[in-house]
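> I would like the atomic coordinates for the input below:
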Amino acid sequence: MTIGIESSSKPAYGQLAWGPAQRHIVVSDEAGLVAIERLLATACATGDESIRVYVLGREHRIGSPLRASTASLEVHAEGPGFSSALSACMDTAPAASRLYVAGSESFLSLVRRLASDRGLAADTMLAELAGSGARRAQCVHCKTVSDDIAYRAFDCARCHVTLIVRDHYSRRIGAYQAVVLHPSDPNIPALRQELL
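Numbers count the residues shown, from 1 in each chain. Modelled structure (predicted):
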C-alpha cells in the first residue's frame with residue numbers, strides 16, 4: 001500500500017431531481033446533457049417558465065428533448081461567455097432559487113466556485129457527476145493544477161515528479177490533492193494504469 005489514498009473528502013453526488021424553489025437554474029456541460037434532459041422530462045411544480053438552462057458545449061450536441069422543452073435555454077461554446085451568462089443569472093436570481101448541475105467533475109467545480117463567489121448557499125446546489133472519472137488535480141509541492149487526469153499516478157508538468165492523486169478534494173481550489181511518490185515505489189506502473 002502506498003500513500004493513504006483511502007482517506008476521502010470526495011464530494012458526494014446524486015441524481016438530479018426537482019426541489020422547492022422560485023427559480024430553477026439548470027446547468028450542464030456536454031457530458032451532463034443526458035442528466036438534464038432526464039430532469040427536464042419530469043414535471044417541475046413551478047412550471048417551465050421558472051426554469052433557466054445554461055449549457056457549455058456545442059450547439060449541434062443539443063438533442064431534440066432539450067430543444068423541445070419550453071424552458072429558457074442558452075448554449076455557450078466557450079467558457080468565458082458561459083461563465084459570464086451564468087454569473088449574471090445567479091446575480092439576479094431570487095433568494096429562493098435552486099441550482100442543478102450535471103457534468104464532469106472539473107465542470108462541477110467551476111460552477112460550484114461561481115455559485116460560491118455569488119454567495120449562493122452550498123445546500124441550494126444539486127450536482128450529478130457525468131462523463132469520465134477524470135479529475136482536476138493540484139501538485140501539493142509546486143501548486144500546479146492539471147485538468148483531466150484520468151489515472152491514479154501522473155507526472156507533474158512543472159516539477160516533473162511522479163504524483164499520486166489522493167481522494168482528498170479541496171473545495172477552495174476545486175481540485176484533488178496529488179502528492180509525490182518515491183521514484184523507487186514498486187506500485188508506480190500499476191498506479192499509472194489505475195483509472196480514477
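
> show me what counts as buried in stretch 128-136.
Using 16 or more other CB atoms under 10 Å as the test for burial, stretch 128-136 gives 128-131, 134-136. C-betas here are computed from N, CA, C, even on glycine.

> next one: that stretch to chain centre, how far?
Offset of stretch 128-136 from its chain centre (CA atoms, centre = their mean, to the nearest Å): 7 Å.

> using CSV, write out every CA atom in it.
Only the C-alpha atoms of stretch 128-136 are listed here, as CSV (Å, rounded to 0.1, in the frame of the first residue of the first chain):
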residue,chain,number,x,y,z
GLU,A,128,-24.8,14.9,-10.7
LEU,A,129,-21.5,13.6,-12.0
ALA,A,130,-21.4,12.6,-15.6
GLY,A,131,-18.8,11.6,-18.1
SER,A,132,-15.4,10.1,-17.4
GLY,A,133,-13.8,9.9,-13.9
ALA,A,134,-11.0,12.3,-15.0
ARG,A,135,-10.1,14.8,-12.2
ARG,A,136,-8.6,18.2,-11.7
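
> need the contact partners of that stretch.
Residues from elsewhere that reach stretch 128-136 (CB atoms under 8 Å, 6 or more residues apart in numbering): 13-16, 29, 31-32, 34-35, 101-106, 108-109, 145-150, 165, 174-176, 195-196.

> are any of those buried, and which?
16, 29, 31-32, 34-35, 101-106, 108-109, 145-146, 149, 165, 174-176.

> out of the residues you listed, which sit inside strands?
Among the buried ones among the contacts of stretch 128-136, the ones falling in strands (DSSP state E) are 29, 101-103, 145-146, 149, 165, 175-176.

> which one of those residues sits closest to residue 190?
residue 165 (13.9 Å; CB to CB).

> fine by me, we can end here.
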